[in-house]
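Trainee: kindly generate the corresponding structure for this input.
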Amino acid sequence: MKISGAARMSGQQRREQLLELAAEEFARAGLHGTSTETLARRAGITQTYVFRLFGSKKALFLQVVRQAFGRLVEGMDQAAEQGTDDPLAAMGLFYDRALADRTGLLVQLQAFAACGDPEVRTVVREQMARMWAVTAERSALPPVAVKTFLAYGMLLNTAAALEVDEVDAEWAHGIRTRIQAGLFDHLTEENNR
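Mentor: Next comes the predicted model:
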């Protein structure tokens, strides 16, 4: 009897597989709209094994959220480190490319949508704090400029989720305009008190 490759997966490999599948499902349907039955079926395992690996659906969701934000924040940090002339522009370029990861993008938006749950809210706050810290430390901008940069990022998230590249309308063209280096230079502590 031949054992399939899926049956020979180690616990760690199965965990990674389930995280990837869960990201796709949570991106599509959110925390409450995703069933562990669907996840188990897609992974070729039992629901019991899903719970053995992660404890609960919410714990799995939170791990997926941490990974999605983690890839983004770590990528921004690395881009800023490599873009020594203008770390903010380097972070912006990375962020723009990261929007192509539709699953990661939608997981983040689903995480914000699930913030009515205190545990989810705590994790999302932690991730936003990490994003704020990297942006502030790498750019050396005042808080109002960091806030503006991150607000632009949220607009870009929304535009990517809406797939505005497929829309031929003035508002969609406006949203697609690129942020140029120096856009935030006028935002200082002195003129924003």
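Trainee: pretty sure residue 72 contacts residue 111?
Mentor: No - in terms of Cβ atoms under 8 Å, residue 72 does not count as a neighbour of residue 111; the distance is 11.6 Å. All C-beta atoms are positioned from the backbone trio N, CA, C, and that covers glycine.
Trainee: show me the shaky parts of this protein.
Mentor: Within the chain, the segments meeting pLDDT under 70 span 1-7, 178-193.
Trainee: for it, what's the longest helix?
Mentor: The longest helix of the chain (DSSP state H) is helix 57-82.
Trainee: next secondary structure after it?
Mentor: The element immediately downstream of helix 57-82 (helix or strand, assigned by DSSP states H and E) is helix 87-98.
Trainee: quick one: contacts of the helix or strand residue 137 falls within?
Mentor: For residue 137, the host element (DSSP H and E) is helix 118-139. Residues from elsewhere that reach helix 118-139, judged by Cβ atoms under 8 Å, 6 or more residues apart in numbering: 31, 58, 61-62, 65-66, 69-70, 72-73, 76-77, 80-81, 87-88, 91, 111-112, 114-115, 141, 143, 145-146, 149-150.
Trainee: among the residues you listed, the buried ones, what's the PyMOL command?
Mentor: Command for PyMOL that selects the buried part of the contacts of helix 118-139, burial taken from 16 or more other Cβ atoms under 10 Å:
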select buried, resi 31+58+61+62+65+66+69+72+73+76+77+80+87+88+91+111+114+141+145+146+149
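Trainee: still on that earlier bit, tell me the angle the helix holding residue 137 makes with helix 87-98.
Mentor: In this structure, helix 118-139 runs at an angle of 130 degrees to helix 87-98, with axes from the mean of the first three to the mean of the last three Cα atoms, to 10 degrees as the basis.
Trainee: what angle sits between the following helix or strand past helix 118-139 and helix 87-98?
Mentor: On the C-terminal side of helix 118-139, the nearest following helix or strand under DSSP H and E is helix 143-161. Helix 143-161 and helix 87-98 are oriented at 20 degrees to each other (the same axes, to 10 degrees).
Trainee: helix 143-161: which residues count as buried?
Mentor: For helix 143-161, a neighbour-count test (16+ other Cβ under 10 Å) marks 145, 146, 147, 148, 149, 153, 156, 157, 159, 160 as buried.
Trainee: which strands or helices does it pack on?
Mentor: With contacts defined as 3 or more Cβ pairs under 8 Å, 6 or more residues apart in numbering; DSSP states H and E, the packing partners of helix 143-161 are helix 87-98, helix 102-113, helix 118-139, helix 170-176.
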